[in-house]
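Novice: The following comprises the amino acid sequence and a computationally predicted model.
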6 protein chains.
Amino acid sequence: MSSSTKTSVTALTHLDETGAAHMVHVGDKPVTARTASASARLTMSAAAAAALFNQTLAKGDAIATARIAGIQATKRTAELIPLCHPLPLTHVSIIFAQVDNTLHITCTCATDGKTGVEMEALTGASVAALTIYDMLKSIDRTLTFDVRLEHKTGGSRGDYARSTPEPETP
Amino acid sequence: MSSSTKTSVTALTHLDETGAAHMVHVGDKPVTARTASASARLTMSAAAAAALFNQTLAKGDAIATARIAGIQATKRTAELIPLCHPLPLTHVSIIFAQVDNTLHITCTCATDGKTGVEMEALTGASVAALTIYDMLKSIDRTLTFDVRLEHKTGGSRGDYARSTPEPETP
Amino acid sequence: MSSSTKTSVTALTHLDETGAAHMVHVGDKPVTARTASASARLTMSAAAAAALFNQTLAKGDAIATARIAGIQATKRTAELIPLCHPLPLTHVSIIFAQVDNTLHITCTCATDGKTGVEMEALTGASVAALTIYDMLKSIDRTLTFDVRLEHKTGGSRGDYARSTPEPETP
Amino acid sequence: MSSSTKTSVTALTHLDETGAAHMVHVGDKPVTARTASASARLTMSAAAAAALFNQTLAKGDAIATARIAGIQATKRTAELIPLCHPLPLTHVSIIFAQVDNTLHITCTCATDGKTGVEMEALTGASVAALTIYDMLKSIDRTLTFDVRLEHKTGGSRGDYARSTPEPETP
Amino acid sequence: MSSSTKTSVTALTHLDETGAAHMVHVGDKPVTARTASASARLTMSAAAAAALFNQTLAKGDAIATARIAGIQATKRTAELIPLCHPLPLTHVSIIFAQVDNTLHITCTCATDGKTGVEMEALTGASVAALTIYDMLKSIDRTLTFDVRLEHKTGGSRGDYARSTPEPETP
Amino acid sequence: MSSSTKTSVTALTHLDETGAAHMVHVGDKPVTARTASASARLTMSAAAAAALFNQTLAKGDAIATARIAGIQATKRTAELIPLCHPLPLTHVSIIFAQVDNTLHITCTCATDGKTGVEMEALTGASVAALTIYDMLKSIDRTLTFDVRLEHKTGGSRGDYARSTPEPETP
């Protein structure tokens, strides 16, 4: 502020190693149409599956609640994932399928942007799965879920699809 | 993850009726200039109106507080309304008018986007009205407000204007 | 920072009139159980009511979506309403009732806190109503809604109930 | 508002099935000390593991970024999971361990509250895992992760611990 | 999940140095009344000061806007500062004073909590200062501000007050 | 709503002085590439500097935590600063440098937008500085920081650079 606090270049020590986290430059990338789908698969006890699929849960309708929670989470991805670029989503849907005692959740997102929507799809599937856990946890604390990218389109790296996709993926 | 959990297509039951909530596809819609105005009309007791319009409220300046609250709420519309698409607002203003013991709030928004800004304008007017309630509730808990769309421009459905607009609407 | 920028008391001019907005002191208030219910009443066209109540909306299940939107909004009341104190909600529910072409929404909240939950109930009812508007706006842009406090309990000012309560209020 | 819109009890139809989602009453539950730990286990390619553990990622230091992302997510759990009660967290930590090409993340939370912190721990572990995915996705889009509750203490249902805990869990 | 993925303790490598960031345990600390005040001092050109204090700014009333922005920011401190514990604020006020071409902002917060409110007061003062910058930046991009803690009370470390307090601090 | 509440133009009193706060119109401005850098300079005691730069802080790694906090804050600028327009950031980085007992933080942002990113850069630098304060406050409550814009490019007003830039600014 005053001359007494003026810095001397020789005394300056950069604390930033080359590996410091940052949001990478995407300003020069073109805006293109992009989609991505991600899935979460929840494995639970027979009692939990019965309560979920027969809709007898104390907290109410789990599927409708998880659907809205997941959709809303996709719109907050850039707040949750520090190095994600904010994106204007042009479509989000989440579908649910029962396979025996397993719940399959698939979240699909689209945008016209400079970066892809994989993280939005993965975040939507994860938060939908967490919401299901919340509604089942009084019945089955052992419930686990795994999360994966199913497919994506658009972007300079080209399209991608899992070699063993979930059957219900749109 | 392992083959023992691989799904069999025959066992899959979709839980999604055709009416499942989703953020509709807008990727193919053109980006156009859009505006919308919404109003809230607050009906209150004479004592509440006197305190509001004479600025003698215990919590301080109600109009300035409600204005900022409403403007900030417009920017969080897509967080609050689950199926709203996020939009880059290019203008927001909120105006206030006194009509006897009634306060009229009008929120006007603009964007260049693929969807309209009706929900942003309605959300801004509603949160401004809620903020006024908060500052008057120790005087008049019977205060009510109603909310409506005044007019909008842009988009494929064309323009809209109420047949009986509020007189102070810009 | 240094003596050269030290302020002189004589030159200081307070910019704060007595009516400056602030979050009032509640530190000395006791923590007590509190509840509040607020309602929103949506008036819409016959076509909109038919689509809503027959569940044929393009965006999907409006009631389930509005319910979750309203519940989530109650938890963000102190973010939206600038002078609200943050409160740990211990219960939230939102119920819906059809009366001819009108939708009645009632949001009920509870807390153990130093301040009441009127604003949380009003915010939940308002955001649920806005969500319904969002899902019906392609059918009926003239939809309006009004918002009011139905009743509250707890706090030093005592209980309150409207003289003409909505019939479906719990 | 006026008598012409007064509702008639006989015409009222409740739209709420018994299974409507709601935040359950916890007002009568005692405030007790509670803890929970949850883990996420990320399975990735050898190339991704090498880049992660040798810290040669284009976006920078993945572990430090994921740690902060996970901690911040625990504090937003009630925003993300619709029926979660807000809780004042008194401790959060996230630890990371390498097992061959697998990354193990364990998030531990504590509170003094009326409800448990399982969802906070699970949310922290999930968002930390998503953050790692974000930083590795240019190398390995096949990365998957699974999420589970490791143990919890406190609350009327008593303590819980997995029968096959992760070895690195604190 | 299955035995084939069970981890072997010998292969596990902790990635967490002793200095890993975490939200420290405060569960055992008593809940006590706490206050803090922080100030921001903005130094600007004579033209900017004239526009600010004469209220001729293109964006409108800067002081009222900054006051609300600062109050709202105090309630989001735990979202912004990663290792801050969430706190139920019981009071927030922000005052403004002119000293020649300098604006002094003082933010005062109170809580009943296990940790202090210094960060809330500092965050409120900083965001109020940033808001003023936003409204003056078209006139004076050289505006700078400095931020400091003025005083605090409560907590096991005892009270604190600057040796050279700002004259307008309450 | 009914004719009895219809407003009469003659009774209407606008409460909005010409200086009412609003988000100015930027719809007609072109989308251009823009950058900005802002810095925060933290002055602290020798003991605090030693703990910071030797990484012996009780809360853990301060630099990594502040970096992520600052990056995340840039993405929430439009939520914090009421009259800021939301912007899609295309790059964010924050660098840290030691000069004796002083920490220099520089936040650089880029966008393709209708408005500049000065506020994003200033917000990122400020929140990073607040995070450092949080981690050092148990050692040195007298720590102060000042914040300033270093330079910006793009926009109709042309480029700007401080006449006395910080030496470490990129």
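Specialist: Ah, there it is.
Novice: rest of the way, CA atoms for contacts and neighbours
Specialist: Noted.
Novice: quick one, phi/psi of A:Ser138?
Specialist: The phi/psi pair for A:Ser138 (degrees, to the nearest 10) reads phi -70, psi -20.
Novice: now do A:Ala21
Specialist: Dihedral angles for A:Ala21 - degrees, to the nearest 10 - are phi -60, psi 140.
Novice: Roughly how far does the spatially most central residue of chain A sit from chain F?
Specialist: Compute the mean C-alpha point of chain A, and by Cα atoms, centre = their mean the closest residue is A:Thr123, 1.3 Å away. Distance, A:Thr123 to chain F, by Cα to the nearest Cα, to the nearest Å: 17 Å.
Novice: again with A:Ser163
Specialist: For A:Ser163, the distance to chain F - Cα to the nearest Cα - is 32 Å.
Novice: A:Arg148 now?
Specialist: Counting by Cα to the nearest Cα, the gap from A:Arg148 to chain F is 25 Å.
Novice: Could you see whether chain D lies near the host helix or strand of A:Ser126?
Specialist: Taking DSSP states H and E as the criterion, A:Ser126 maps to helix A:118-136. Yes: counting by Cα under 8 Å from any Cα of the partner chain, chain D is contacted by helix A:118-136 at A:Met119, A:Leu122, A:Thr123, A:Ser126, A:Val127, A:Leu130, A:Thr131, A:Asp134.
Novice: what do you get for stretch A:76-95?
Specialist: Yes: residues of stretch A:76-95 are located near chain D by Cα under 8 Å from any Cα, namely A:Leu80, A:Ile81, A:Pro82, A:Leu83, A:Cys84.
Novice: thinking again about what came up before, summarise which helices and strands the helix or strand following the helix holding A:Ser126 is packed against.
Specialist: Once the chain leaves helix A:118-136, the next helix or strand it forms, by DSSP H and E, is strand A:144-153. In terms of contacts (3 or more Cα pairs under 8 Å, 6 or more residues apart in numbering or on different chains; DSSP states H and E), strand A:144-153 is packed against strand A:32-43, helix A:118-136, strand A:160-161, strand D:144-153.
Novice: quick one: A:Ser12 and E:Pro82, what's the gap?
Specialist: Small correction: residue A:12 is Leu, not Ser. 27 Å (Cα to Cα, to the nearest Å).
Novice: These two: which has the busier surroundings?
Specialist: More crowded of A:Leu12 and E:Pro82, by other Cα atoms under 10 Å in any protein chain shown: E:Pro82, with 25 against 17.
Novice: how near is the more buried one to chain F?
Specialist: 6 Å.
Novice: Just checking: what are the partner strands of the helix or strand bottoming out on mean pLDDT in chain A?
Specialist: Sorting the helices and strands of chain A by mean pLDDT, DSSP states H and E puts strand A:12-14 at the bottom, at a mean of 76. Sheet pairing of strand A:12-14 (DSSP bridges) gives strand F:89-99 (antiparallel).
Novice: helix or strand right after the partner strand?
Specialist: Following strand F:89-99 in sequence, per DSSP H and E, is strand F:102-113.
Novice: tell me the average confidence for the host helix or strand of A:Ala49?
Specialist: Assigned by DSSP H and E, A:Ala49 belongs to helix A:46-53. Mean pLDDT, computed over helix A:46-53, is 96.
Novice: helices and strands around the next helix or strand after that helix, which ones?
Specialist: Sequence order places helix A:62-74 as the next helix or strand after helix A:46-53, per DSSP H and E. Helix A:62-74 makes packing contacts with strand A:89-99, helix A:118-136, helix C:62-74, helix D:77-80 when contacts are defined by 3+ Cα pairs under 8 Å, 6+ apart.
Novice: could you check the angle helix A:46-53 makes with helix A:62-74?
Specialist: 80 degrees (axes from the mean of the first three to the mean of the last three Cα atoms, to 10 degrees).
Novice: so how far is helix A:62-74 from its chain's centroid?
Specialist: 12 Å (Cα atoms, centre = their mean, to the nearest Å).
Novice: And stretch A:42-51, by the same measure?
Specialist: 23 Å.
Novice: contacts for it?
Specialist: A:57, A:101-104, A:129, A:136, A:139-140, A:142-146 (Cα atoms under 8 Å, 6 or more residues apart in numbering or on different chains).
Novice: which sections of chain A are below the confidence cut-off?
Specialist: Filtered on pLDDT under 70, chain A yields the residue ranges A:1-11, A:16-18, A:166-170.
Novice: how does it look with 90?
Specialist: Across chain A, the stretches falling below the confidence threshold (pLDDT under 90) are A:1-19, A:55-56, A:58-60, A:155-158, A:163-170.
Novice: Up against chain B, what does it have?
Specialist: A:33, A:67-68, A:71-72, A:75-76, A:88-100, A:110-112, A:166-168.
Novice: Emit the ChimeraX select command for whichever of those are buried.
Specialist: A single ChimeraX command is used to select the members of the residues of chain A next to chain B judged buried by 16 or more other Cα atoms under 10 Å in any protein chain shown:
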select /A:33,67,68,71,72,75,76,88,89,90,91,92,93,94,95,96,97,98,99,100,110,111,112,166,168
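Novice: related to what we said a few turns ago, can I get the buried part of the residues of helix A:118-136 next to chain D as one ChimeraX selection?
Specialist: Buried residues among the residues of helix A:118-136 next to chain D (16+ other Cα under 10 Å), as a ChimeraX selection:
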select /A:119,122,123,126,127,130,131,134
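Novice: Tell me how far A:Asp61 lies from B:Gly27.
Specialist: 31 Å.
Novice: out of these two, which sits in the busier spot?
Specialist: Each of A:Asp61 and B:Gly27 has its neighbours counted (other Cα under 10 Å); A:Asp61 has more, 23 against 17.
Novice: shouldn't the more buried one be in contact with D:Gly19?
Specialist: Yes: using Cα atoms under 8 Å as the test, A:Asp61 is close enough to D:Gly19 to be in contact (5.7 Å).
Novice: Name the residues contacting each of those two.
Specialist: A:Gln55.
Novice: Can I get stretch A:20-37 in CSV? Just the C-alpha atoms.
Specialist: What follows is stretch A:20-37 as a C-alpha-only set of coordinates in CSV (Å, rounded to 0.1, in the frame of the first residue of the first chain):
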residue,chain,number,x,y,z
ALA,A,20,-1.4,-26.9,-8.6
ALA,A,21,-5.1,-27.5,-9.1
HIS,A,22,-6.8,-25.2,-11.6
MET,A,23,-9.7,-24.9,-13.9
VAL,A,24,-8.1,-25.5,-17.3
HIS,A,25,-8.5,-23.1,-20.2
VAL,A,26,-11.4,-24.0,-22.4
GLY,A,27,-12.0,-20.6,-24.0
ASP,A,28,-10.7,-21.7,-27.3
LYS,A,29,-12.7,-24.8,-27.6
PRO,A,30,-15.8,-24.7,-29.8
VAL,A,31,-19.4,-24.9,-28.5
THR,A,32,-20.8,-28.2,-29.6
ALA,A,33,-23.7,-30.5,-28.7
ARG,A,34,-22.8,-33.0,-26.0
THR,A,35,-24.6,-35.8,-24.2
ALA,A,36,-23.6,-38.2,-21.4
SER,A,37,-25.3,-41.0,-19.5
